[in-house]
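Colleague: Provide a 3D model corresponding to the input given below.
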Amino acid sequence: MAYPLLQDNEFYVFQKLIFQDAGINLNDNKKFLVQSRLLKRIIYYQLQSYADYLRLVQVDPVERTEMVNLLTTNETYFFREIEHFEYLQKVILPNHPCQSKFRVWSAAASVGAEAYSIAMLLDTLLPKNSWEIYATDINSDVVKKARVGLYPERWIEKIPSHFRLRYCFKGKNNYEGKFLVDRSLIENIKFEQGNLLDPKGEIGSFDLIFLRNVLIYFDTATKQKVVDNVIAHLVPGGYFYISHTENLNMLDISQLEQIKTAIYRKKR
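Modeller: Below is the predicted model:
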């Protein structure tokens, strides 16, 4: 069976839609990626062209969400950029006032590896009722996976051994080849779908915000909007993490002071 090919004019519309919905710039060299990822929906609906699918996503909000899910990248792993976790343990937590709850926002949470990594550390160092994590991602599918906390067994290698022994349970029978994160951690984590371009709801303020490996997908104006939206929820003196592969060059970050590579603090 011959499947339809994505035409340049159709790709241009998908570029506009994903930028409008998620702020993501799809370069022209991503045309094949868009074609291959959306092909399953073309087949599912038995459509004759990508133009037919475009008409569908512009009238069906549920399918529009599915399109965003398919076109957003969610590469992640546990304890990514371990220096951030070491700084949290050695510098941030010892200086946090013990009378207030320590709140963290994992603002591009993907399937939850980052949030659970933070949770393992906090659960080891702090009383159960003294910390909480808010974890968001624009992709509703990965948020559902994050709530379950079931991962490929190969991912366990990135988790330090003492956390692995305490919080990770190898699957058996139908779950062979996977491991489950201790469900007690979920009591202190709230996973939600969220759009960094249009944050909704009263989420409160945070002592630490992880915004890693997401700014690389935005142009400068969108980066500025996202950073402004996020640090508006950072307490004065709170910390802001980006990835070591990213930078805040060309942005107005007058509210922040750089502490170390990829670590910033909101001015008091």
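
Colleague: nearest residue to the middle of this protein?
Modeller: For the chain, A108 is the residue whose C-alpha lies nearest the centre (CA atoms, centre = their mean; 1.9 Å).

Colleague: distance-wise, check the closest residue to that residue other than its chain neighbours relative to D252.
Modeller: Residue nearest to A108 in three dimensions, not counting chain neighbours: V214, with 3.9 Å by CB to CB, 6 or more residues apart in numbering. (Each C-beta comes from the backbone N, C-alpha and C, glycine too.) Per CB to CB, to the nearest Å, V214 is found 19 Å from D252.

Colleague: ok, these two, which is more surrounded?
Modeller: Higher neighbour count among V214 and D252: V214, with 25 against 10, using other CB atoms under 10 Å.

Colleague: quick one, strands of this structure?
Modeller: Assigned by DSSP state E, the strands in the chain fall at 102-106, 131-137, 150-152, 168-170, 178-181, 189-193, 206-210, 234-241, 256-260, 263-266.

Colleague: using CSV, please lay out those strands together with mean pLDDT, mean neighbour count and distance to L248.
Modeller: What follows is the strands of the chain, written out as CSV (pLDDT from 0 to 100; neighbours: other CB atoms under 10 Å; distance: least, CB to CB, whole Å):
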stretch, mean pLDDT, mean neighbour count, distance to L248
strand 102-106, 97, 25, 17
strand 131-137, 96, 23, 20
strand 150-152, 94, 16, 31
strand 168-170, 94, 15, 34
strand 178-181, 96, 20, 32
strand 189-193, 96, 19, 25
strand 206-210, 98, 25, 13
strand 234-241, 97, 19, 9
strand 256-260, 96, 14, 8
strand 263-266, 97, 20, 8
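
Colleague: wait, which of those strands is closest to P160?
Modeller: The closest approach between P160 and any of the strands of the chain, judged by CB to CB, belongs to strand 168-170 at 10.7 Å.

Colleague: from the contact counts, what lies against the closest one?
Modeller: Strand 168-170 sits against strand 178-181, with contacts defined as 3 or more CB pairs under 8 Å, 6 or more residues apart in numbering; DSSP states H and E.

Colleague: the strand it packs on pairs with which strands?
Modeller: Strands that pair with strand 178-181, judged by DSSP bridges, come out as strand 150-152 (antiparallel), strand 168-170 (antiparallel).

Colleague: thanks a lot, see you next time.
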